[in-house]
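1. Generate a structure from the sequence data that follows.
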Amino acid sequence: QVQLVESGGGLVQAGGSLRLSCAASGRTFSSYVMGWFRQAPGKEREFVAAIGWSGDKTEYADSVLGRFTISRDNDKRTVYLQMNSLKSDDTALYYCAADRALVPRKSRGTYDYWGQGTQVTVSS
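-> This is a model prediction of the structure:
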């Protein structure tokens, strides 16, 4: 069992930056692929980024490639999402998720555990 708690969301102007954090409970954190997803009002939850066990493998959605960076600290059981050059289209509720997979995956159906989400609002 893994419990996930996101933090770091807020209101930011377009072009600004935010760093989201996701703290995990459980001693097996380092054996999970970790992902970030987001859901805007009226839209489906979509993949943002994912990172492998050791942090050497990452995947990104095309819409955030070059602007967002996912990283993890297994000693702190925390995964991060650094978001730069934010746009109004990035406004959404951001979720952290854990996947018992060998490599990072983009499909939300494969993730086993989810946090409650943290709101990111980008004003134009």
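2. Let me see the ranges of the strands in the protein.
-> In the chain, the strands defined using DSSP state E lie at 4-7, 10-13, 18-24, 33-39, 46-51, 58-60, 68-73, 78-83, 92-99, 113-114, 118-123.
3. Of all the ones you listed, which one is nearest residue 107?
-> Minimum separation from residue 107 across the strands of the chain (Cβ to Cβ) falls at strand 46-51, 7.4 Å. (C-beta placed from N, C-alpha, C; glycine too.)
4. Determine the set of other helices and strands touching the closest one.
-> When contacts are defined as 3 or more Cβ pairs under 8 Å, 6 or more residues apart in numbering; DSSP states H and E, strand 46-51 sits against strand 33-39, strand 58-60, strand 68-73, strand 78-83.
5. so which of those strands is the most packed in?
-> Stretch with highest mean neighbour count among these: strand 33-39 (a mean of 25; mean count of other Cβ atoms under 10 Å).
6. Just want the angle from it to strand 78-83.
-> Counting by axes from the mean of the first three to the mean of the last three Cα atoms, to 10 degrees, strand 33-39 lies at 40 degrees to strand 78-83.
7. which residues sit against strand 33-39?
-> For strand 33-39, the surrounding residues in contact (Cβ atoms under 8 Å, 6 or more residues apart in numbering) are 20, 22, 24, 45-53, 70, 72, 79, 81, 90, 92-105, 108, 111, 117, 120.
8. Separate out the buried members of those.
-> 20, 22, 24, 45, 47-53, 70, 72, 79, 81, 90, 92-99, 101, 104-105, 108, 111, 117, 120 (16 or more other Cβ atoms under 10 Å).
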